[in-house]
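> okay, predicted coordinates and the sequence, questions at the end:
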Amino acid sequence: MIRDIPSKEDFDAVGSALLDQAWETATSLLLDLDEAYEVEEEEIAEYWQSANTRMATALSIAHQGAEFLIKGKIAEVSPLLLIANAPREWPKANSDGDILYSQFRTVDAQDLVRLHDGCATAPLEKDFKEAFDALRVRRNSIMHTVDRRLKIHVVELIESILKIHRSLVPQRDWINARRDALSESSSVTLFSAEDWVEPRIVREFSVITDTLSPSAMKEYFGFNKKQRTYICPNCSWDVLEEYEEEVKTAQLRPNSGASTSVWCFICTKEEKVLRIDCKEAECPGNVVAPEWGRCLTCGADQDR
């Protein structure tokens with residue numbers, strides 16, 4: 001009998017962890033660069049060149065994450081569908097007549113999509129299939145050769161992770177998945193989750209906002225880079241004390257001159273605001289957070 005058969009949840013857990021590991025690499029590189037001062041263009045180019053191996057490895061890890069998530073969808077039908085061996089090629093059973101599932105060779109990555117679409121209720125989206133296959137080719141270049149021409153741009157890596165997660169885990173948004181991963185990380189044993197996780201989330205997705213195109217931010221986070229932004233009272237409260245900066249990730253909802261609410265894509269909170277002119281003479285803002293008592297355009301205290 002085949003023993004220790006994994007479930008969909010087992011595959012999903014590994015796949016999500018691999019995506020998060022790849023994301024950690026990309027965002028750590030971005031944050032390190034963001035915290036550097038007076039960096040010349042040539043130095044930035046050298047920085048990314050030196051980070052190419054790390055990003056290439058992260059892209060390979062992201063692809064493995066996609067493989068596990070697809071396997072999870074197949075396992076939801078039956079994990080036995082993933083066994084590639086013909087019965088005559090099965091591993092030898094132990095003295096109890098058992099074979100561990102981990103001893104079997106599973107279906108190759110290049111066959112996963114076809115297997116999924118053959119047994120699942122709904123096929124994978126066409127754009128995901130194309131992206132997954134392109135990632136597989138690049139992953140193979142990374143794994144099997146040392147190609148000096150292979151350059152993985154950080155935007156490509158980030159968008160690959162977001163596309164994989166949105167296509168394969170559509171029921172869960174990426175920011176909350178990342179928040180949960182940080183809350184369960186080893187760093188929480190050193191720092192309080194409450195004091196460390198949210199500031200890290202805010203810092204990460206602030207730099208992601210600066211990095212991704214307007215279309216990508218709209219597609220994956222519902223954030224319009226072409227719309228005016230305001231300081232988020234919640235996110236700024238989380239990072240102000242440590243980083244002494246205000247986070248402009250909130251936008252009017254709806255986007256109109258009469259709107260009395262702002263929404264932030266990072267904390268996903270919607271806050272009521274007052275539409276009154278800022279007391280700072282040089283500030284054109286007229287969006288004030290009543291509980292925080294500050295102008296959300298310039299951050300000036302309105303209770304003075």
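Cool, got the structure.

> show me where this structure has strands.
For the chain, the strands defined by DSSP state E occupy 2-3, 99-100, 230-231, 248-252, 261-264, 270-272, 288-289, 294-295.

> any chance of those in TSV, with mean neighbour count and mean pLDDT too?
C-beta coordinates here come from the backbone N, C-alpha and C atoms, glycine included. TSV is the format used below for the strands of the chain (neighbours: other CB atoms under 10 Å; pLDDT from 0 to 100):
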stretch	mean neighbour count	mean pLDDT
strand 2-3	15	90
strand 99-100	15	91
strand 230-231	26	93
strand 248-252	23	93
strand 261-264	20	95
strand 270-272	14	92
strand 288-289	22	92
strand 294-295	22	90
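
> which of the ones you listed sits closest to F205?
strand 248-252 (7.2 Å; CB to CB).

> coming back round to it: just so I know, which of the strands of the chain lies nearest K279?
K279 lies closest, by CB to CB, to one member of those: strand 294-295, at 7.6 Å.

> need the residues that contact the closest one.
I231, P233, C278, K279, E280, C283, G285, V287, V288, A300, D301, Q302 (CB atoms under 8 Å, 6 or more residues apart in numbering).

> of those, which belong to helices?
P233 (DSSP state H).

> out of the contacts of strand 294-295, which is most surrounded?
Using other CB atoms under 10 Å as the neighbour criterion, I231 leads those with 26 neighbours.

> hey, what's that residue bridged with?
For I231, the beta-bridge partners under DSSP bridges are K248.

> now the helices: where do they sit in this protein?
For the chain, the helices defined by DSSP H occupy 8-34, 41-50, 52-77, 109-119, 126-144, 154-168, 174-183, 193-211, 214-221, 233-243.

> now render those helices as a markdown table, adding distance to R88 and mean pLDDT.
Listed next are the helices of the chain as a markdown table, based on distance: least, CB to CB, whole Å; pLDDT from 0 to 100:
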| stretch | distance to R88 | mean pLDDT |
| --- | --- | --- |
| helix 8-34 | 27 | 95 |
| helix 41-50 | 50 | 88 |
| helix 52-77 | 23 | 93 |
| helix 109-119 | 20 | 93 |
| helix 126-144 | 29 | 80 |
| helix 154-168 | 33 | 93 |
| helix 174-183 | 42 | 93 |
| helix 193-211 | 51 | 86 |
| helix 214-221 | 47 | 95 |
| helix 233-243 | 59 | 66 |
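
> show me the domain layout of the protein.
2-172, 210-295 (automatic domain parsing).

> re the thing from before, and which of the contacts of strand 294-295 is nearest R3?
R3 lies nearest to P233 out of the contacts of strand 294-295, by CB to CB, at 53.8 Å.

> how many other residues sit next to I74?
Around I74 there are 22 residues (other CB under 10 Å).

> so it sits against I83, correct?
No: contact criterion CB atoms under 8 Å: I74 and I83 do not qualify, at 10.8 Å.

> returning to that earlier point: which single one of the contacts of strand 294-295 is nearest to R253?
Using CB to CB, the contacts of strand 294-295 come closest to R253 at V287, 11.7 Å.

> contacting residues around that closest one?
Y230, L252, V262, V273, L274, R275, C295, L296, T297.

> ok, which pair from those residues is furthest apart?
L252 and C295 (14.2 Å).

> now the domains of the chain in a markdown table, with distance to S183?
Formatted as a markdown table, the domains of the chain follow (distance: least, CB to CB, whole Å):
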| stretch | distance to S183 |
| --- | --- |
| domain 2-172 | 11 |
| domain 210-295 | 14 |
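
> ok, which of these comes nearest R179?
When these are compared (using CB to CB), the closest one is domain 210-295, at 9.5 Å.

> look at the closest one and report the distance between its end residues.
Distance across domain 210-295, first residue to last, is 23 Å (CA to CA, to the nearest Å).

> what's the answer for stretch 279-296, then?
12 Å.

> now do stretch 231-249
Stretch 231-249 end-to-end distance (CA to CA) = 6 Å.

> same check, this time on stretch 36-55
Stretch 36-55 end-to-end distance (CA to CA) = 19 Å.

> list the contacts of it.
T25, A26, L29, L33, L150, K151, I152, H153, V154, L157.

> what's the burial count for the closest residue to the fourth one other than its chain neighbours?
Nearest in space to L33, with sequence neighbours left out and distances taken as CB to CB, 6 or more residues apart in numbering, is Y47 at 6.2 Å. Y47 is flanked by 14 other residues according to other CB under 10 Å.

> of all the domains of the chain, which lies closest to V202?
Closest to V202 of the domains of the chain, according to CB to CB: domain 210-295, at 4.6 Å.

> that closest one: how far from the chain's middle?
Relative to its chain's centre, domain 210-295 lies at 22 Å (CA atoms, centre = their mean, to the nearest Å).
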